[in-house]
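In: Got a sequence here, can you build the structure:
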Amino acid sequence: MAMALESMDHEVVSVGSGAEALKELRGASYDVVFLDLKLHQENGLDFLEEILRVAPQAAIVIVTAFASIETAVEAMRRGAFDYLPKPCTPDQVRQLLGRIERTRRLENRVVELESQLSAESPDIDLTTESPKMEAVLNVAFKAANSDATVLLLGESGTGKTVLARGMHARSPRKASAFVTVSCPSLSRELLESDLFGHIKGAFTGALVETQGKVAAADGGTLFLDEIGDLPLDIQSKLLRLLQEREYERVGEARPRKANVRVISATNRDLQEAIRDGRFREDLYYRLNVISVRLPPLRERLQDLERIANRYLEFFGHHAGKTFSGFSAEAIAAMKSYNWPGNLRELRNLIERAVILGSGNQVGETDLAEILQAPSEYRVGGNISLEELENEHMRRVIANTRTIDEAAVILGVDPATLYRRKKRL
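Out: Below you'll find the model as predicted:
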């Protein structure tokens, strides 16, 4: 084995016992450990966990002449990367090392993408001076220490995803993955596959098997965004996941165990959806063990200036500009605005002001297009109720992703809103 590895230009150290292996692993960094199942008086499987504690970065390959499916499954369960039966050929070893290298490249790419993502978004800030928001955070952070399912409620753009990430970061599961599933983003078939995974050939286009988001979140947190849009037939499968901690991949009859904590979020009225037959009542009670309603930005104006300054610093840094802050007039204008799009709208507004602004301070005129509507559109201005309503409707539609989302904020039927939008 050592000769085969050296012929492939790898550096190899051979040892004859577990004690020697631990000594080597503590003294240097190794990419791969080939571990025989029979080590004189020692059991390789038992020793596997010791190696993982000393060298968690190493890919461990179990090598044995006592090949069996049971042993392979047990080795993988305990943390081995793969399993190699003896006798094996140099080509088999070479292929295995290629798989390890590809896996490492993908892991490094994920780390790189996570780093890029954090650089493209402001750091999560869950401090507040708002009594309403403080009450919300107290409940959320107490719930974070448990595995209870949590339902986050609130208008679009209030920061439900940010709070879910904050809860994960404060939970015992923080070392594992935080995986997001956007319920309205895919068709029913693709959403089920995205959530639970599928086997090869399960449906047209399923050329390879996928593990799914539930498996990806194993040991961590599964965040179901806009749970109110989850199709009814998938709701029953999610209910099984919550009740029995089991699920099945699409096209597979074998149940799989799931070790995930579920946090869900919605801007919809789920009670109304239950009455309309669009949401299962039993699922609602499973999701709603602990519920938290995030206040809209207009109800936590104590935080507005601090959040705005954080966005200003972030976008200014990316644009290579330095700003001293906002003028008093700009702050007053922001505090008098209704913010139908909440934090998302505030972020977009300040990003625009940074890009288009020329001074070292953001003034009222830099925010004028959104915050300073013509006087005829101001409440109390020389304008009819219908015109004021139409203008408000236009702005809500502009700051939401879908007509359904805008209809929820406006409190009207989506079909009615669509007709009025078309007429205007």
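In: Tell me if I'm right that residue 323 and residue 317 touch.
Out: No. Contact criterion C-beta atoms under 8 Å: residue 323 and residue 317 do not qualify, at 9.9 Å. For the C-beta atoms, the positions are set from N, CA and C on the backbone; glycine is no exception.
In: And those two? Which one has more around it.
Out: Comparing residue 323 with residue 317 by other C-beta atoms under 10 Å, the one with more neighbours is residue 323, at 20 against 14.
In: how near is the more buried one to residue 330?
Out: 11 Å (C-beta to C-beta, to the nearest Å).
In: Need the overlap of contacts for those two.
Out: Taking C-beta atoms under 8 Å, 6 or more residues apart in numbering as the contact rule, residue 323 and residue 330 both touch residue 362.
In: Is residue 14 in contact with residue 2, as I believe?
Out: Yes. Under the criterion of C-beta under 8 Å, residue 14 makes contact with residue 2 at 5.0 Å.
In: and residue 330, how far is that from residue 357?
Out: 11 Å.
In: ditto for residue 307
Out: Separation of residue 307 from residue 357 (C-beta to C-beta): 18 Å.
In: same check, this time on residue 409
Out: Applying C-beta to C-beta, the value for residue 409 to residue 357 is 29 Å.
In: Next: residue 364.
Out: Per C-beta to C-beta, residue 364 is found 12 Å from residue 357.
In: who's more crowded, these two?
Out: Using other C-beta under 10 Å, the more surrounded residue of residue 364 and residue 357 is residue 357, with 20 against 17.
In: what's the spacing between the nearest residue to that one once chain neighbours are set aside and residue 358?
Out: Residue nearest to residue 357 in three dimensions, not counting chain neighbours: residue 366, with 4.8 Å by C-beta to C-beta, 6 or more residues apart in numbering. Distance, residue 366 to residue 358, using C-beta to C-beta: 9 Å.
In: same thing with residue 6?
Out: In terms of C-beta to C-beta, residue 6 sits 64 Å off from residue 358.
In: Next: residue 98.
Out: Between residue 98 and residue 358 the distance is 54 Å, computed by C-beta to C-beta.
In: Same drill for those two, tell me which one is more crowded.
Out: Using other C-beta under 10 Å, the more surrounded residue of residue 98 and residue 358 is residue 98, with 10 against 6.
In: Can you tell me the element that one falls in?
Out: helix 90-120 (DSSP states H and E).
In: My read is that residue 301 contacts residue 335, right?
Out: Yes. Contact criterion C-beta under 8 Å: residue 301 and residue 335 qualify, at 5.3 Å.
In: Name the residues contacting each of these two.
Out: With C-beta under 8 Å, 6+ apart, residue 301 and residue 335 have no common neighbours.
In: hey, where'd the helices end up in the stretch 201-350 of the chain?
Out: 212-216, 232-244, 270-275, 281-287, 304-319, 328-336, 342-356 (DSSP state H, counting those that start in this stretch).
In: Dump the C-alpha coordinates for the shortest one into PDB.
Out: Below are the C-alpha coordinates for helix 212-216, written out as PDB (Å, rounded to 0.1, in the frame of the first residue of the first chain):
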ATOM      1  CA  GLY A 212     -32.100  16.800  -0.100                       C
ATOM      2  CA  LYS A 213     -32.200  19.600   2.300                       C
ATOM      3  CA  VAL A 214     -33.400  17.500   5.300                       C
ATOM      4  CA  ALA A 215     -30.300  15.300   5.000                       C
ATOM      5  CA  ALA A 216     -28.100  18.400   4.400                       C
END
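In: For residue 233, which residues are in contact?
Out: residue 188.
In: same thing but at 7 Å, please
Out: Neighbouring residues of residue 233 by C-beta atoms under 7 Å, 6 or more residues apart in numbering: there are none.
In: roughly how far apart are it and residue 212?
Out: According to C-beta to C-beta, residue 233 and residue 212 sit 16 Å apart.
In: One more: residue 65?
Out: Plainly put, residue 65 is 35 Å away from residue 212 if you go by C-beta to C-beta.
In: With neighbour numbers in mind, choose between these two.
Out: Comparing residue 65 with residue 212 by other C-beta under 10 Å, the one with more neighbours is residue 212, at 22 against 11.
In: so what's the nearest residue to residue 148 once chain neighbours are set aside scoring on pLDDT?
Out: Leaving out its chain neighbours, the residue that sits closest to residue 148 by C-beta to C-beta, 6+ apart is residue 289, at 4.7 Å. According to the prediction, residue 289 has pLDDT 95.
In: Using PDB, write out every CA atom in stretch 92-110.
Out: Only the C-alpha atoms of stretch 92-110 are listed here, as PDB (Å, rounded to 0.1, in the frame of the first residue of the first chain):
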ATOM      1  CA  GLN A  92      -8.900   1.500  -6.800                       C
ATOM      2  CA  VAL A  93      -6.800   3.400  -4.400                       C
ATOM      3  CA  ARG A  94      -6.200   6.100  -7.000                       C
ATOM      4  CA  GLN A  95      -9.900   6.500  -7.700                       C
ATOM      5  CA  LEU A  96     -10.600   6.700  -4.000                       C
ATOM      6  CA  LEU A  97      -8.000   9.400  -3.500                       C
ATOM      7  CA  GLY A  98      -9.600  11.300  -6.400                       C
ATOM      8  CA  ARG A  99     -13.000  11.200  -4.700                       C
ATOM      9  CA  ILE A 100     -11.400  12.500  -1.500                       C
ATOM     10  CA  GLU A 101      -9.700  15.300  -3.400                       C
ATOM     11  CA  ARG A 102     -13.000  16.300  -5.200                       C
ATOM     12  CA  THR A 103     -14.800  16.300  -1.900                       C
ATOM     13  CA  ARG A 104     -12.100  18.600  -0.300                       C
ATOM     14  CA  ARG A 105     -12.400  21.000  -3.300                       C
ATOM     15  CA  LEU A 106     -16.100  21.200  -2.900                       C
ATOM     16  CA  GLU A 107     -15.800  21.700   0.900                       C
ATOM     17  CA  ASN A 108     -13.300  24.500   0.300                       C
ATOM     18  CA  ARG A 109     -15.600  26.000  -2.300                       C
ATOM     19  CA  VAL A 110     -18.500  26.000   0.200                       C
END
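In: hmm, back to that, dump the helices of the stretch 201-350 of the chain to JSON lines, plus distance to residue 182.
Out: Formatted as JSON lines, the helices of the stretch 201-350 of the chain follow (distance: least, C-beta to C-beta, whole Å):
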{"stretch": "helix 212-216", "distance to residue 182": "10"}
{"stretch": "helix 232-244", "distance to residue 182": "13"}
{"stretch": "helix 270-275", "distance to residue 182": "17"}
{"stretch": "helix 281-287", "distance to residue 182": "16"}
{"stretch": "helix 304-319", "distance to residue 182": "23"}
{"stretch": "helix 328-336", "distance to residue 182": "29"}
{"stretch": "helix 342-356", "distance to residue 182": "15"}
